[in-house]
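**Q** Provided below are the primary sequence and the corresponding predicted coordinates.
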Amino acid sequence: MKILGLFRHAKSDWHDAKARDFDRPLNARGRKGARVMGRHIVKYGQTWDRIIASPAVRSAETIEIASGGAPGLLPINWDRRVYLASSATLLDVVREQDASLGSVLLVGHNPGLEDVIFDLVPDDGTSPLRDIVEDKFPTAAFAVMELDIDDWAQLKEGTARLVHLTRPRDLDPELGPELID
C-alpha cells in the first residue's frame, strides 16, 4: 500500500499588483493557517518518505511555517512542474517516484491538487470526504489517500481511498471562509 498526501499552500497576499504570481508571499491569515495546519499534520502522525513541492514563494513559506521553521529537516524535492500543475502532470510526477517510497506528500496549488482527488477517488457516493472536496479544497487544506499499489508507476484513476481531510477552519473557526458583506 502507498500513502499520498496533498497539502495546498496557505492563503497568499494579493496586495502587490506588480508581483509575479510565483513570488506572492503568504498574508497574515495564511501564516496563521500554515502554523495551525503544520501542528495538525504532525499530530496526524504520518511520516513522509518524500515531499514534492512547488518552489513558488507561497508554497515554500507554507512548508517553512508548517514545519516550525525547520524545513531543512524534511526530505523536500522542489519541483517546478508542481507549480500550477494540472492533475495529469501531478499524477505523472507521483508515478515517477521510486517504488521503495511508501508515502509521498505533494505541496502545491489548486485546481491541480483537488483535481488529483477527483481523479483518484471514485465518484460513487462512498466517500463523504470527497463530497466535501467537491464543495472546496481551500488554502492550507490537507488530505491523505491510501492506494492499494506496490509501485507508484501503477497509480491509476479511480483507485484511491480518501481517508483524511482537514481544512484550516476545521481547527480554527477564524480561518473559515471570509464573509462578504
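**A** Done, it's in.

**Q** How are the strands of this structure distributed by residue range?
**A** Using DSSP state E, the strands of the chain run over 2-8, 50-53, 76-78, 103-108, 142-147, 160-166.

**Q** Just the CA atoms of the second one, as CSV, please.
**A** To tie it back to what came earlier, the one meant is strand 50-53. Output of strand 50-53 as CSV, limited to C-alpha atoms (Å, rounded to 0.1, in the frame of the first residue of the first chain):
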residue,chain,number,x,y,z
ARG,A,50,9.4,12.3,0.2
ILE,A,51,7.8,15.7,0.0
ILE,A,52,7.5,17.1,-3.5
ALA,A,53,6.7,20.8,-3.5
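
**Q** Which of the strands of the chain sits closest to residue 21?
**A** Closest approach to residue 21 among the strands of the chain is made by strand 103-108 (13.2 Å; CB to CB). Placement of C-beta: from N, CA and C, glycine included.

**Q** so what does the closest one touch, helix or strand wise?
**A** strand 2-8, strand 50-53, helix 57-66, helix 87-95 (3 or more CB pairs under 8 Å, 6 or more residues apart in numbering; DSSP states H and E).

**Q** Let's have the strands of the chain in CSV, adding mean neighbour count.
**A** Putting these into CSV (neighbours: other CB atoms under 10 Å) gives the following:
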stretch, mean neighbour count
strand 2-8, 23
strand 50-53, 21
strand 76-78, 16
strand 103-108, 23
strand 142-147, 21
strand 160-166, 19
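
**Q** how about a markdown table for these, with distance to residue 91 and mean pLDDT added?
**A** Shown next, in a markdown table, are the strands of the chain (distance: least, CB to CB, whole Å; pLDDT from 0 to 100):
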| stretch | distance to residue 91 | mean pLDDT |
| --- | --- | --- |
| strand 2-8 | 10 | 98 |
| strand 50-53 | 12 | 97 |
| strand 76-78 | 16 | 95 |
| strand 103-108 | 10 | 98 |
| strand 142-147 | 11 | 98 |
| strand 160-166 | 11 | 98 |
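
**Q** Can you check which of those strands gets nearest to residue 85?
**A** Residue 85 sits nearest to strand 103-108 of all these, at 6.6 Å, using CB to CB.

**Q** before we move on, the earlier item: let's have the strands of the chain in TSV, adding distance to residue 60.
**A** Output for the strands of the chain, formatted as TSV (distance: least, CB to CB, whole Å):
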stretch	distance to residue 60
strand 2-8	12
strand 50-53	7
strand 76-78	8
strand 103-108	9
strand 142-147	17
strand 160-166	21
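
**Q** how about these, which one is nearest residue 122?
**A** Taking the strands of the chain one by one with CB to CB, strand 160-166 is closest: 8.2 Å.

**Q** one step back: I'd like to know which of the strands of the chain is closest to residue 42.
**A** strand 142-147 (11.0 Å).
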